[in-house]
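**Student:** Next comes the sequence, and after it the predicted model I'd like to discuss.
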Amino acid sequence: MKIKYFKSTIIVALLFFAISCDNDILDKAPVSSFSGEGFYLTTSDAQAGIYGIYNSTQGVFRTNFAYWGEGRADNVKTEQSGEGLTLIQNNLNESASSANWSSLYTMISRANYAVKYIPNVYGEGDPAGNQLIGQARALRALAYFYLVKVWGDVPLITEPYTSIEQDIFVTKTNKEAVLDQIEEDLVYAVNNCTEKYNNNNDRIMINKGSANALLTKVYMWRHKYTEALATSAVVLKNPLYSLVSTMDEWGKIFTDGYSKESIFEVGYNDDQTNSLRVLYAIGSYAIFTPSEKFKASYETGDLRISYVYDTTIAEPKAIWKFLGKGVSDEDASKSHQNIVLIRLADIMLLRAEALNQLGGAANKAEALSLLNTIRTRAGLPAFETEETASTQYGNLESAILHERSIELCFEGQRWFDLVRTGRAISTMNPLNGLSEESNLVWPISTTVLNKNPNMEQNDYYK
Amino acid sequence: MYGAISSPGSIQFINLTNFKSMKKNYLLNVFKLKKFFSAKKMILLLLVLVINSAFAGSQQALVTGKITDLNSGAPLPGVNIIIKGTTKGVSSNFDGTYSIDVSSPKDVLVFSFLGYTAQEISVGNNKNINIKLAESTQQLDEMVVIGYGAMKKRNLTGSITSISSKSLENTPIKDVMSALQGRASGVQVVSNSGAPGDGITVTVRGQSSLNSGNDPLYVIDGVAVETTSLSLLNGWDTHGLNPLADINPNDIESIEVLKDGASTSIYGSRAANGVILITTKRGHEGKANIKVNVFTGLSKITRKLSVLNASQWREIIMDTYKNLDDYNNKTTYADAHWTAIDSLNPMNSGDVDWQDVMYRTAKQKQIELSVTGGTKNAKYALSTSALDQDGIFLASNFKRITSRLNADFTVSDKLKIGYNLSYAHAVNNRINAGGTGNNSLVQSILVRPPVYSLTYPNGDPINYFNGKRNPVGLAKEATHLNTTNRVIGNQYLEYEIIKNLKFKTTLSLDFISMKEDQFYPTTVDYRAGYNSGAVRATSNQTWANENYLTYVKSFNNEHNFSALVGYSQQEWKLETTGLDGMYFASDNIRTLNGAGTISNQAVNTTVEHSLASYFGRLSYDYKSKYLFQANLRADGSSRFGKNNRFGYFPSASAAWRFSDESFIKNLSFLNDGKLRFSAGQTGNEAIGNYTSQGEFALSTNYLDNSGASPTVMPNSGLTWETTTQYDAGIDLTLLKNRIIFTGDAYLKKTSDLLFAVPIPETTGFGYITQNIGEVQNKGLELSLTTYNFTGKFKWNSSFNISFNRNKILSLPEEVLTNGYIQNGTYHILKEGESIGTFYGWNYLGVYSRDEDNVNHVRMGSSNGKEFRGGDPIWDDLNGDNIIDDNDKQIIGNAQPKFTGGFNNDFSYKNFSLNVFFQFTYGNDIYSNLNMMRNWVFAYNNVSTDALNRWKEQGDVTDYPRPIRLDPLKNEYQRVSNRWIEDGSFLRLKNITLAYNVPEQILNKLKISGLKFYVTGQNLVTWTHYTGYDPEVSSYSGLRLGVDDGSYPQSRTYIFGLNVQF
């Protein structure tokens, strides 16, 4: 009897030993991703976090660079219904996709994480870390710059969200305060980013040059011409950037990307594609085609026309500038071209504007010279004097703006140029009846309003 | 013997293993059938096994005999014959005969059979004992499976529906879950589509979760199995696949559905949506029982939907242009310039009803073999089956081979061990049958313009035209192949430590390996030379180890105690690998090595999840008159924050057998009566594996640079969803056991709902998962089984009906917009309403004349267009004469008022007849398909309803004028009750007539059983619903009752035979 119990006891003991409880099995950290606490621990994490921000720029600008920068301006028309038409007719409402800012805040959130957590990896003040933080802050500035340009006052958030205890239902911040933050971020980027990467990354990632160029654009938006002169001078002197000389090369700025004239472009490839094809060159008609006014605004002899749109038919169905001359509807290649956001010709013409605004003979002369550089490259005669420019276009500012409209056409600059120079209403009123200052900003999307009871619609759209 | 099997042997078998031939001509050979292995070989294999086991038996005095039904004299197969006081026994053969070795004349044989009164006969010197068993119709001694055990049905204190293999035998079924359809009260089973192998949605007692899954837990022989679809290439078919399609339904001994809190709480954190226990057949001591079942059948579409012919269609297209000019107040009409109306254009000269082209009469066949038997110490059940089922849609097909071995060994008096092992191989050639867009076949064939020609003038097929893929080309030439291999294994060891105290440990594995191949050849793309393909390989492993002690003790047969205590741990691992490619050198090489470009977006991920649990149960009853039970489970999940990991799920239940009380006992009409009460808590942990930790996802790359970014905002405070359920039930057996009634009322409240709460995107995140809100389900379930005739002509019937009312009790203020949460396109979630509430505009008809719009109601805003004659009359809810978002209202509800089934079994002599009805009443269906079928602006073909469209002032109709571009959103872009229909139906789901070949013939054939049957499935459906089928499922969570044009249900005719040796 006793032996029997003994045996049983042994067996039971063995069994329980074999299956002894182990609560460690409940610790499951992600295998193919990082947990909230498990990231920003190493330098490679920090670098990956920065690439994550660039990744979000692809989404931000994929379609909206044209909706925001061209849709409401005078260079485009459309044969389609849908958002393109809404923008052109100034019928914007809060359900428009371009009225949704969520992708910009995704970009900002990723940047805020990087800005906050990279010092933990490198330690405060480490130049390698600061170089990464500089990129993050410049990209955050880029996002806020578009937010301010498109919506005016917007929520200013510079801390990452890591807990639901944080203030989630934010309100709008005055746009001047946001612009101050943008300047601060860009000055930091200018001081801390690398001079150059010595490869194609110089065109698609933030370095000192692109930070300076973006800062120039911000100063111009704020009409801070003196500051713009200083920063643009640095850009013009930067050996990374020079104008392309031939028109074939000019075409390749957009179709091939990574040109020496490019300062900052958003990189795409066959997998990470954008909407250039749908926007400008697909099917029977693209979303946007050149307006009659735009086609008529070319001076005779301008070599750029045939690179910009299909001149073989009276009624162009496609803009060729980005996908290349003669691009076919049924071309199987994906929409993979980089979207050029800032290039040297843009900064040169902005500088010309600033010089013209500040006045004085020397300044005016330099402004004219910058303008003529762009004109002559396109096969147009130089303006001998400010008067010749004024005779043709009214005044030098108008001549410069006209040149920007042609040189930078469809690159997402036109609407912001009109707003920045106070010409939006006078230009667009005859075309679509735009008449109120408060209508210059976009409405805030329904989805944004629905999720945040503290968010107020912009006045015009209330 | 072989002669008898030659007929199943001639059934052609499927080529599942030899795929080499595909290379030569991929398209043609994929679905060709070839002889795989003959049935003869398989039987031989099984026989070897059987013979081996037969020799293992002992040689003693043999008693033989035959068991028949007392009333009808029909032989009774499957009767258990046990030598009293031992575990030794056999079961009777198909013809009712048996033989058993007895060791002494003093042995007493016990003959027992489900539904019959058991008899005991002392052997004496008899060599031949024939027995007539009397039907008891008393089913209460049946055992039912419960969590970690089994108990007598009459002693249940909770609410469990049990379905035995006996009730399934009369209908050939191809998957486990359809067996439950209409047969279990409180269980709603909806086929997601009619596609073979497609997913099925099972809901037990209503939807209790908003975000976190409403699927019950499935446990097969103690293994909690994976039931979520692993299919990743869902671009073609949003329904997912049914993992239970891997299980051979013929292997099933019983299915138990645990419904109330008391029954389910032993499964704790995964049991909030009910638990479905599936038990497979095991071997019994005795002579081997060999069965071969084969069936073959044909399926057809149940109905066609109306479409316009070519000239009718051209007319309506021209109308849209004219109406646009009217809308723009033009006085002269522009010519419609779209080429499709040009009947002389060879591309547009067709007149095709694409349904005729795409639907076919589909074949199916299945063969199944099983051998069960055993000796005293070794018992086995072995089975194999092969199914080959064509879909009614061109080129769709499902093939499955299954194999199972269940073995039990008695090692010593104290030690038992055993093994269940099942393997399934399934190849599903799918088509895109759900969703929207150019790839959706079911929808696209209905809306495809009838004028499109099938071929070019030279006879070549037109595969892509005018932005639309040719459905024929897509079905025949594109690939979407899903291959699954699945192994479910479970081994156990049971040791009796001391008398009545048993220890059991199990180790189980559920391993699914799935490979998906997708390919679009150049012929279906508009871009020259462009083809694309994708491959995904998924492996899903679930390991579990469970250990528990059970103790049973009875005092004087009056006080009965039992106790259970245990520990279990379970781990899941899901690994996914995939590649996408394009520019393949040839359309014939479809593996990714043929791709010219491999996409950078390669997939390779692993996710894990684990659960550690403690559980226990105490039961006590006094003479089966007063019964009590309590359960407790503690579950720890890796999905929750460290401080919230463990959840505790208690339950208690009690029952009172009032029929045993002396003051009731004398009521002659009442044979048995019991009241049950239970309360219990269960949980739901169905959130993302890493949701509480927060997550940085990779592959947010910038060109070739690897990026990472925050995608899930952490919430360490997350915890379980908890469901508290109260149940009161009554079980009655009346009139000499001829009426059995069970009724249950329940109240089920789920709180701390795991909900992905939308948060402002200014945070960088769209959602954060929080515990918020409450949902309630309450309902009534009634089931009635009656033995209407019990003589030579038998008729018994069972009827069940379930009423469930779902209600959202609370949602926090901050997640509401205008007082509700928009849930997808068609539904809202709102306090006081149920899940599945449709929300949109109320369609009141069509203005006959311009002046009928007396209030000058406008579209969208105060300067919008005024509605005119021919435009829809929308309900202007707030009376502001503007039709906008403020006029949206609740327009329908997808929850049925009741569901149920009615089953009838008739038999007379050798014939038996099963007639099974299923019904659903009071639910609405939102027919997105009908909306697409009336969307003229997209150049869709439309239903013949459009022939009644408004054409000129004064027309009285409910079909508005179609306007090119649809500027008033007359036909599209508006969720409205114009597309809502009553989804109620009554369906003759199954009718089977069977003939059992009489004994004299069987003796000549030297086989012990032969049955022929014919079955019709889905023969008649009575419904007002105008789509293909009113059985429309919510294939993704809360998207209830939306018909996107999923693969239609079919009407099926089956002929089969069962042979037993």
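**Tutor:** Nice, I can see it. Numbers count the residues shown, from 1 in each chain, chains lettered A, B, ... in the order given.

**Student:** For the rest of this, base every contact and every neighbour count on C-alpha atoms.
**Tutor:** Will do.

**Student:** May I ask which helix or strand encompasses B:Ile445?
**Tutor:** Here B:Ile445 is covered by helix B:441-447, with elements defined by DSSP states H and E.

**Student:** Please name every helix or strand in contact with that helix.
**Tutor:** Packed against helix B:441-447, as judged by 3 or more CA pairs under 8 Å, 6 or more residues apart in numbering or on different chains; DSSP states H and E, are the following elements: helix B:354-358, helix B:471-477, helix B:928-932.

**Student:** Pretty sure B:Thr1052 sits against B:Thr361.
**Tutor:** No: because the distance of 9.5 Å does not satisfy CA atoms under 8 Å, B:Thr1052 is recorded as not touching B:Thr361.

**Student:** More neighbours: these two, which one.
**Tutor:** Neighbours of B:Thr1052 and B:Thr361, each counted by other CA atoms under 10 Å in any protein chain shown, are more numerous for B:Thr1052; the result is 21 against 16.

**Student:** which stretch of helix or strand covers that one?
**Tutor:** If you go by DSSP H and E, B:Thr1052 is part of strand B:1050-1060.

**Student:** do A:Ser210 as well
**Tutor:** Taking DSSP H and E as the definition, one finds A:Ser210 inside helix A:208-221.

**Student:** Heading C-terminal from that helix, find the next helix or strand.
**Tutor:** On the C-terminal side of helix A:208-221, the nearest following helix or strand under DSSP H and E is helix A:225-237.

**Student:** what helices or strands is that next one leaning on?
**Tutor:** Counting contacts by 3+ CA pairs under 8 Å, 6+ apart, the secondary-structure elements packed against helix A:225-237 are helix A:208-221, helix A:344-358.

**Student:** Let's see that with 6 Å instead.
**Tutor:** If contacts are counted by 3 or more CA pairs under 6 Å, 6 or more residues apart in numbering or on different chains; DSSP states H and E, helix A:225-237 sits against helix A:208-221.

**Student:** buried ones in the helix it packs on?
**Tutor:** If you call a residue buried by 16 or more other CA atoms under 10 Å in any protein chain shown, then helix A:208-221 has these buried ones: A:208-221.

**Student:** Quick check: the two most widely separated of the residues you listed?
**Tutor:** The two members of the buried residues of helix A:208-221 with the most space between them (CA to CA) are A:Lys208 and A:Trp221, at 19.9 Å.

**Student:** Can you pull the phi/psi pair for the most centrally placed residue in chain B?
**Tutor:** With distances taken as CA atoms, centre = their mean, B:Ile200 lies nearest the centre of chain B, 2.8 Å away. With angles defined as degrees, to the nearest 10, B:Ile200 shows backbone torsions of phi -130, psi 140.

**Student:** Leaving out the residues flanking it, which one is nearest to it?
**Tutor:** Distances taken as CA to CA, 6 or more residues apart in numbering or on different chains place B:Ser191 nearest to B:Ile200, at 4.5 Å, with adjacent residues excluded.

**Student:** beta partners for B:Trp1023?
**Tutor:** Quick fix: residue B:1023 is Thr, not Trp. With DSSP bridges applied, B:Thr1023 shows beta-bridge pairing to B:Phe985.

**Student:** Can you report how many residues neighbour it?
**Tutor:** Number of residues near B:Thr1023 (other CA under 10 Å) recorded here: 17.
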